[in-house]
Structures are given as C-alpha cells and as structure tokens.
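sequence? don't have it. structure:
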C-alpha cells in the first residue's frame, strides 16, 4: 500500500479522538481560545525542538514560503481549529465531526469552480446526498434534538477552513517539508490567538494539572502527529484522496464519544453520517472517471 494512504488513515484515526479530549478539557474550565493557545505553546516548542534536532534545514522555507505559511496558519489553521473547538461547546462530538467532514464536498466545489471540474449527474447526486446527510445528522427532519444555531455555524465554518487548508497546502506548499508546514502554521496561529486574547493567565498559573493533561494529549496525538501525517499524505496522494480517507474520523469519533462520554446518536443520525460518507465516495469515483 502507498504510504500516503497509511499516513492518511493514521491521521484520520488520531483526529477522531480530538473531540473526546476537547470535551474533557472544557470540563476542566478552559474555554476554546485558552485551550488552543496553551496547546499551541506546547506544540510549537516540541515541533521546533524536534526540527532542530532532526534536520534544521527543513525550516529554511524562504520568504515566499514563509508568507504562504503565515496565510495558512493565520487564516486556515486558526479559523479551522477555533471554530472546531467552539462547536464542541454546543454540540455532541459525533455531530461536530460529521459537520467537519462535509469539507470534501467543499473541496469538490472548488475544483468545479476553479479547476474545470465536471458537474455530472453523479456529482449532483453526491451533493444532494451530502445535504440530506447533514439534515439527518442535525435532526432537522422530525428529530428528537434541537441544536443551537451557533454550534452548527461553527461546525460548518470549521469545514470551510479545513477545505481551504487542504487545497492551499497542495497548491502553495508542495515543496515544503510536512513538519515545517505544521510547525510554522501552528506558530502563526499561536500569534493570531495571542492577538485575540493575550495569555496572561498562563503566567499567573491559570492552567490546572487536569487541564494540562488534556493539553498535552491534544498537542501530541491530535495535532502534531496527525497534522504532520496529513500534510505528508497530501504530498503523496493529493488532497482529494486524503479527504475521502479522512472520513474514517467519523466512526472513530462516534466510538470514542460512546465509550468515554456516553454520547449516543440516533439511527437517523447514523443514516445521515452514512449518506455523508457515501457522498464523498461518489465525488471521488466521479473524479476518477
């Protein structure tokens, strides 16, 4: 098997555990901005230290590369992670994950609009299927639950920014090492978060030991490892194939939430998640044709 596929599968499984740790971190008193800021402080330190030890030459990206990484970090990474984490404040883990993973449809819209992608009957059916899947996932058709609009908006916006990250990294950062992409984008994202809210609470000892545990887990297993694997996978097999494989995050997140948070999804929501996954596969099959 092409190692790009292996990287993509590993990234999806690790990303699938993120919602669990974010929910647990929120329960310790950290809001999304504070959680991300401290997480990024830890992650940036680890990544740059590792890069200097392994091969510091990978950090030499040039002026143009640095500008692209700044755009990727400030716009893409900050937007995606902040919206993603904030969505967990309002919605169950499974629902947030399914909303995030509508992003392959957004990647497809981009290819149709700007890269002469075709809108045939299969693609039209896939879009309709993804839309129906979202409706069912959110219980908008005779469901038992009603979710706050703010949470739904954050979930969809995280998908928009995630699609941007995948496309941008493939188009503008093809020659940049995966670790360098992760390290620099996280650094620029950290700078943006510090502008949003300066982390004075860190220096006042505002992070308790319980919060610190989840920060470390998120930084290593839900950021450094999966993002580095994701960028490496995109280099080997492209953004669209990675976007398809990444749907493994959905069953991973559902299982994690069920086992550790006792969150359940209805049969209707499960059907919605299946429709979303099928829609992505239809899009991928159409691209092969």
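Yep, it's here. None of the values given here were measured: they were computed from a predicted structure. Numbering: from 1, shown residues only.

check contacts around residue 147.
For residue 147, the contact set (C-beta atoms under 8 Å, 6 or more residues apart in numbering) comprises 90, 91, 95, 138, 139. For every residue, glycine as well, the C-beta is placed using N, CA and C.

assign residue 29 to helix, strand or coil.
Following DSSP: H, G, I helix; E, B strand; the rest coil, the label given to residue 29 is coil.

scratch that, residue 274
Per three-state DSSP, the secondary structure class of residue 274 is helix.

residue 20 and residue 261 touch, don't they?
Yes. Counting by C-beta atoms under 8 Å, residue 20 does reach residue 261; the two are 6.6 Å apart.

which of the contacts of residue 147 has the most neighbours?
Using other C-beta atoms under 10 Å as the neighbour test, these are led by residue 95, with 30 neighbours.

just the element for that one, please.
For residue 95, the element it lies in under DSSP states H and E is helix 93-100.

in the next helix or strand after that helix, which residues are buried?
Remark: after helix 93-100, the chain's next helix or strand is helix 103-114, criterion DSSP H and E. Residues 103, 104, 105, 106, 107, 108, 109, 110, 111 are the ones in helix 103-114 that count as buried (16 or more other C-beta atoms under 10 Å).

give the other helices and strands that the next helix or strand after helix 103-114 contacts.
Reading on from helix 103-114 to the C-terminus, the next helix or strand found by DSSP H and E is helix 121-137. Under the contact criterion of 3 or more C-beta pairs under 8 Å, 6 or more residues apart in numbering; DSSP states H and E, helix 121-137 touches helix 93-100, helix 103-114, helix 267-288.

could you dump these to a markdown table with distance to residue 122 and mean pLDDT?
Shown next, in a markdown table, are the helices and strands packed on helix 121-137 (distance: least, C-beta to C-beta, whole Å; pLDDT from 0 to 100):
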| stretch | distance to residue 122 | mean pLDDT |
| --- | --- | --- |
| helix 93-100 | 22 | 87 |
| helix 103-114 | 11 | 79 |
| helix 267-288 | 4 | 75 |
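
among the ones you listed, which comes closest to residue 74?
Closest to residue 74 of the helices and strands packed on helix 121-137, according to C-beta to C-beta: helix 103-114, at 19.0 Å.

quick one, the closest one and helix 267-288 angle?
Inter-element angle recorded for helix 103-114 and helix 267-288: 40 degrees (by axes from the mean of the first three to the mean of the last three C-alpha atoms, to 10 degrees).

quick one, helix 103-114 and helix 121-137 angle?
Helix 103-114 and helix 121-137 are oriented at 140 degrees to each other (the same axes, to 10 degrees).

number the chain from 460, please
Sure, I'll start numbering at 460, so the last one becomes helix 562-573.

ok now helix 562-573, how far from the chain's centre?
Taking C-alpha atoms, centre = their mean, to the nearest Å, one finds the center of helix 562-573 at 17 Å from the center of the full chain.

next up, the contacts around the most centrally placed residue in the chain.
Geometric centre of the chain, nearest residue: residue 621, 5.7 Å, by C-alpha atoms, centre = their mean. Residue 621 sits next to 535, 539, 543, 559, 562 when contact means C-beta under 8 Å, 6+ apart.

on that earlier part again, closest to residue 494 among the contacts of residue 606?
Taking C-beta to C-beta as the measure, residue 549 is the one of the contacts of residue 606 closest to residue 494, at 15.2 Å.

please, which helix or strand holds the closest residue to the closest one other than its chain neighbours?
Nearest residue to residue 549, sequence neighbours excluded (C-beta to C-beta, 6 or more residues apart in numbering): residue 610, at 2.7 Å. Using DSSP H and E, residue 610 falls within helix 608-631.
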